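*Asks:* fold the following and give me the result.
(2 chains)
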Amino acid sequence: MAPVAAPLAARAADVSLLNVSYDPTRELYQQFNKAFAAQYKAETGKTLEIKASHGGSGKQARSVIDGLQADVVTLALAYDIDAIADRGFIARDWQKRLPDNSSPYTSTIVFLVRKGNPKGIKDWDDLLKADVKVVTPNPKTSGGARWNYLAAWAYALKTYGSEAQAKDFVAKLYKNVPVLDTGARGSTVTFTERGVGDVLLAWENEAFLSKKEFGDDKFDIVVPSLSILAEPPVTVVDKVVDKKGTRAVAEAYLDYLYSKEGQKLAAENFYRPRDPEIAKQYEKVFPKVNLVTIDDPTFGGWRKAQKTHFEDGGVFDQIYSN
Amino acid sequence: MAGAAPPPPAPRRRHGVIPGFGLTLGLTLLWLSLVVLIPLTALFLKTAELPPERIVAILTAPRTLNALKISFGLSLAAAAFNLVAGAVIVWALVRYEFPGRRVLDALIDIPFALPTAVAGIALTTLYAENGWIGSFLAPLGIKVAFTPLGIWVALVFIGLPFVVRTVQPVLEDLDHELEEAAATLGAGRLTTIRRVVLPAVLPAFLTGFALAFARAVGEYGSVIFIAGNLPNVSEIAPLLIVIRLEEFRYADATTIAATMLVAAFILLFVINGLQRWSESRTGRLG
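*Replies:* Sure thing, here's the model as predicted:
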């Protein structure tokens, strides 16, 4: 279920690219693809057709592994690209190929609450109160949900000190979760449209988008004292671009994400830009948050975090097994 | 007629009315292999990659057992409900003339045609606490969306046409005169239903039940939106399979899938047996 968007131009293009991405980047890449195609035309005189496919990050990774001919992948977390790399489609050291861990924009996890914040939710501790219902997707099926979970874990570990207490904290938090949707968008719908829960753990860009969609009078964004730096990474799929001969254009496409224009488009779509100059222009939009990263010793990178927390029998399963 | 029995007549090929048995059977087997048997074999082969103790561990994990219990239990409950509701609907459709009967008749098929995800989202919208139906149920303390009850509602929705459409033609064929004859012989209404109508339609009901049940066991799209998906509480087995795939554990996923398949097959086999038994006991009428 990964719909491929219709090409912008009906006439045959000189070059075509397929960008396999995850769900909430739909709006971003619609604009970005148009901008890059225009720039490519101006520079080379060739028409470029960019197709985009969106879906759950893990599902998208599996499609590429199963043979979807993606020139570039722009997914929710490095682990999903690692999974593609493990099967020989991408060089193992892919994350070093572009600046900033190959993540041209970042995001973080914030709380979306109902207008006026009736339950007085200010920080992670408030999510454990008996009368608070928390909406978050299932970390097994959603990349965004893994960031949510790890942000809570990082907070608990920093605040209470031990792994056992962090596990206890996260277990209590998930006791307050009435619905585990399979994807980030699903959770947003459950919270915003179905009226379930008091707080939604959401991608920052998704939270902004919800406010924009439903009006500022419906929801407030609460920024916790500590969150996680979510780095959605991008890379070219070596096996595909080498076969199709599209490496140069695919690399130019990704480089353009780091350009001033690309950074601006990311910021417009509520992703935090990496470029200091652009970041300064948008600093009013994005509140300052104390952020841990996935490479923090707390987690030791995606592979380790995945193994400890989300694999079969990992901490997340243990939370639900008793 | 003493002595040796006369030699049996030379076996003669018996020809049916329609020729081409060999060809059609060949095509049938080929097609069945391509579409059903080979994919299913692949499923079992993938499962066989795992050592037996791993398979046992996967299947005896509480999470797996609960998911299977939820899927099979609620599917049976939904099919049972559809059996009763379907009976009433079929009876009304076949035996009475009323305005809008044709429209109602056409509406029955909607769950067949509707993409299941759309059905799931529509049902969730209706049954959520702020939905049209859910907002009336919530003050009574009945929560439907995001509970096992919600799963049951979705499974009832997708299963209903199976019962109606299997029973309908049988009931239509059932002659009114039989009931009239029973009445003239002094049978009361209940006796007529029990001794005349029920035996005739029971096999069809069992078939409808089996179809609705089989469909419900594998249902994914309409359920995940309304289920709440909490492990051990409202997590259906098909979702657990998807979760294993997301973890890139293909063999684990196929293990659960193969188990569901075997369990469903056994249940369908039992239902089929019941159906034959009821047919042979009563003899098919109509």
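*Asks:* against chain A, how distant is B:L274?
*Replies:* 37 Å (C-beta to the nearest C-beta, to the nearest Å). (Glycine included, C-beta is placed from N, CA and C.)
*Asks:* my guess is that residue meets B:F205, correct?
*Replies:* No. The pair formed by B:L274 and B:F205 falls short of the contact definition of C-beta atoms under 8 Å, at 10.4 Å.
*Asks:* where does the stretch 151-286 of chain B dip in pLDDT?
*Replies:* Flagging of the stretch 151-286 of chain B using pLDDT under 70 yields the residue ranges B:282-286.
*Asks:* and it, which residues reach chain A?
*Replies:* Neighbours of chain A within the stretch 151-286 of chain B, by C-beta under 8 Å from any C-beta of the partner chain: B:224-225, B:228-232, B:239, B:242-249, B:252.
*Asks:* can I get the buried part of those residues as one ChimeraX selection?
*Replies:* Buried members of these, defined by 16 or more other C-beta atoms under 10 Å in any protein chain shown, are picked up in ChimeraX with:
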select /B:224,225,228,229,230,231,239,242,243,244,245,246,247,248,249,252
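*Asks:* what's across from the nearest residue to A:S21 once chain neighbours are set aside in the sheet?
*Replies:* Computed as C-beta to C-beta, 6 or more residues apart in numbering or on different chains, the closest residue to A:S21 that is not its neighbour in sequence is A:T74, at 4.4 Å. Legend: beta-bridge partners of A:T74 under DSSP bridges are A:S21, A:V234.
*Asks:* surely A:K115 meets A:V222?
*Replies:* No. When contacts are counted by C-beta under 8 Å, A:K115 is not listed as touching A:V222 (11.7 Å).
*Asks:* which one's more surrounded, these two?
*Replies:* A:V222 (18 against 13; other C-beta atoms under 10 Å in any protein chain shown).
*Asks:* so for that one, what's the pLDDT?
*Replies:* pLDDT for A:V222: 95.
*Asks:* tell me the contacts of it?
*Replies:* A:V222 makes contact with A:V110, A:F111, A:L112, A:V113, A:N117, A:I121, A:K122, A:V199 under the criterion C-beta atoms under 8 Å, 6 or more residues apart in numbering or on different chains.
*Asks:* from chain B, how far off is it?
*Replies:* 22 Å.
*Asks:* next: A:I109.
*Replies:* Where chain B is concerned, A:I109 sits at a distance of 20 Å (C-beta to the nearest C-beta).
*Asks:* the helix or strand where that residue lies: how far from the chain's middle?
*Replies:* Taking DSSP states H and E as the definition, A:I109 sits inside strand A:105-114. Chain-centre distance of strand A:105-114: 11 Å, with C-alpha atoms, centre = their mean, to the nearest Å.
*Asks:* the following helix or strand past that strand: partners in the sheet, and parallel or antiparallel?
*Replies:* Per DSSP H and E, the first helix or strand lying C-terminal to strand A:105-114 is strand A:134-135. Counting by DSSP bridges, the strands paired with strand A:134-135 are strand A:199-203 (parallel).
*Asks:* which residues sit against the strand it pairs with?
*Replies:* Contacts of strand A:199-203 (C-beta under 8 Å, 6+ apart): A:24, A:107, A:109-113, A:119, A:121, A:127, A:132-136, A:144-145, A:147-148, A:151-152, A:184, A:187-188, A:191-192, A:207, A:210, A:222, A:230.
*Asks:* also stretch A:274-286?
*Replies:* So stretch A:274-286 is contacted by A:99-100, A:103-106, A:204, A:208, A:258, A:260, A:263-264, A:267, A:270, A:272-273 (C-beta under 8 Å, 6+ apart).
*Asks:* average pLDDT for that stretch, rounded please.
*Replies:* Rounded mean pLDDT across stretch A:274-286 is 93.
*Asks:* in it, what's buried?
*Replies:* A:R274, A:D275, A:I278, A:Y282, A:F286.
*Asks:* start to end distance for it?
*Replies:* Stretch A:274-286 has its terminal residues 12 Å apart, counting by C-alpha to C-alpha, to the nearest Å.
*Asks:* now it: how far from the chain's centre is it?
*Replies:* That offset, for stretch A:274-286, works out to 19 Å (C-alpha atoms, centre = their mean).
*Asks:* does B:S234 really touch B:I226, like I thought?
*Replies:* No. Contact criterion C-beta under 8 Å: B:S234 and B:I226 do not qualify, at 9.1 Å.
*Asks:* quick revisit: who are the packing partners of the strand holding A:I109?
*Replies:* helix A:143-160, strand A:199-203, helix A:204-214, strand A:219-222, strand A:226-230, helix A:260-268, strand A:272-273 (3 or more C-beta pairs under 8 Å, 6 or more residues apart in numbering or on different chains; DSSP states H and E).
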